[in-house]
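Student: sequence plus the predicted model coming up.
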Amino acid sequence: MSLAGSVRSSVADSAFEIRRREKRDADALFRMFDQPQCRQGMVLEPFSSASAVQAWFDSNGSDNYETVATINDTAIAFAGLFPGRGSQSHVGGLSLFVHDQFQGRGLGALLMTAIIATADLLLGLRRIQLTVFCDNERAISLYRKFGFEIEGRHSGFARRGHQLLDAFTMARIAAGGPARRLDAELLTRDLSDLISLSRRRFRLAS
Ligand SMILES: CC(C)(COP(=O)(O)OP(=O)(O)OC[C@H]1O[C@@H](n2cnc3c(N)ncnc32)[C@H](O)[C@@H]1OP(=O)(O)O)[C@@H](O)C(=O)NCCC(=O)NCCS
């Protein structure tokens, strides 16, 4: 089914699934990354094709936690957690994109919840970090809600068209000690199906 058909279907049944990203998602994810808002938020050079999307995934290695939200098995959102190596094995990089037509309906927050549960409980990461354009208020507001703080501003960090834009680095530092274990118990109870990244249907907010 085309994405437009999937969108109509989503209005009809308001349901989507979350699962691990697979190779077959490259086409749908290219269409998502190519949406105007997604292109605008992208700090990397925008992708030129589905194979460029796949090459980027391949270049990130295989030890990552990459999730997609799907409608009728078509990917409409992507959340990636990219653990570091060696002296940075406690660090994870974050990437989050929601198809333009599905933004503002709670998907970004849901995927953030899954990523943070994965980082805290499955991997025991102490730091999650990301880079975001300073004019991306929607994303910055979402990240702040999940405990990310701005650590620094990079002037002229990347080009968008002919414009040189500034970007923030943001990070969330996990709390240590007993409080974290208590949080872990609560999260495990509420999110065990998300943490295992098994298939499940969710309702979209209207
Ligand atoms: C940033 C993004 C991932 C957020 O996902 P989303 O599904 O739209 O977000 P949600 O609906 O879950 O909203 C979560 C929070 O985002 C913020 N938000 C959502 N819509 C907003 C808007 N129009 N203006 C400002 N903040 C907004 C709010 O803080 C909101 O929380 P609230 O509903 O409690 O107020 C999504 O908009 C997106 O993919 N943008 C384009 C790609 C991008 O910029 N990715 C980030 C690269 S660093």
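Tutor: Yep, that arrived. Numbers count the residues shown, from 1 in each chain.

Student: any figure for the gap between Cys38 and Asn136?
Tutor: Using Cβ to Cβ, to the nearest Å, we find Cys38 at a distance of 11 Å from Asn136. The C-beta positions use only the backbone N, C-alpha and C, and glycine is treated the same way.

Student: that should have said Ser51, apologies.
Tutor: For Ser51 relative to Asn136 (Cβ to Cβ), the value is 27 Å.

Student: and those two? which has more neighbours close in?
Tutor: Between Ser51 and Asn136, counting by other Cβ atoms under 10 Å, Asn136 is the more crowded of the two (19 against 13).

Student: ok, that one touching Gly41?
Tutor: Yes. Counting by Cβ atoms under 8 Å, Gly41 is a contact partner of Asn136 at 5.2 Å.

Student: quick check: neighbours shared by the two?
Tutor: Shared contacts of Asn136 and Gly41, defined by Cβ atoms under 8 Å, 6 or more residues apart in numbering, are absent.

Student: packing partners of the helix or strand harbouring Phe168?
Tutor: Assigned by DSSP states H and E, Phe168 belongs to strand 163-173. Contact partners of strand 163-173 among helices and strands, from 3 or more Cβ pairs under 8 Å, 6 or more residues apart in numbering; DSSP states H and E: strand 127-133, helix 137-145, strand 149-160.

Student: those strands in this protein, which residues are they?
Tutor: 15-20, 65-71, 74-83, 91-98, 127-133, 149-160, 163-173, 201-203 (DSSP state E).

Student: near the ligand, which residues of this structure are found?
Tutor: Residues of the chain lying close to the ligand by Cβ under 6 Å from any ligand atom are 37-38, 41, 96-98, 103-109, 130, 132, 136-139, 141-142, 145.

Student: select only the buried ones of the residues you listed in PyMOL?
Tutor: In PyMOL syntax, the buried subset of the residues of the chain next to the ligand is picked out as below (16 or more other Cβ atoms under 10 Å):
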select buried, resi 38+41+96+97+98+103+105+107+108+130+132+136+139+142
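
Student: run through the chain and note the low-pLDDT ranges.
Tutor: Across the chain, the ranges flagged by pLDDT under 70 are 1-14, 176-206.

Student: apply 50 and report the result again.
Tutor: Across the chain, the ranges flagged by pLDDT under 50 are 1-13, 177-201.

Student: surely Cys155 meets Asp166?
Tutor: To be clear, residue 155 is Ser; Cys isn't right here. Yes. With contact defined as Cβ under 8 Å, Ser155 counts as touching Asp166 (5.3 Å).

Student: so which of these two has more stuff around it?
Tutor: Using other Cβ under 10 Å as the criterion, Ser155 and Asp166 rank with Asp166 on top: 13 against 9.

Student: which non-adjacent residue is nearest that one?
Tutor: Of all residues not flanking Asp166 in the chain, Cys134 sits nearest, at 4.6 Å (Cβ to Cβ, 6 or more residues apart in numbering).

Student: was I right to think that neighbour contacts Ala167?
Tutor: Yes. Checked against Cβ under 8 Å, the pair Cys134 and Ala167 is within contact range at 6.3 Å.

Student: find the residues that touch each one of the two.
Tutor: Residues touching both Cys134 and Ala167 (Cβ under 8 Å, 6+ apart): Arg153.
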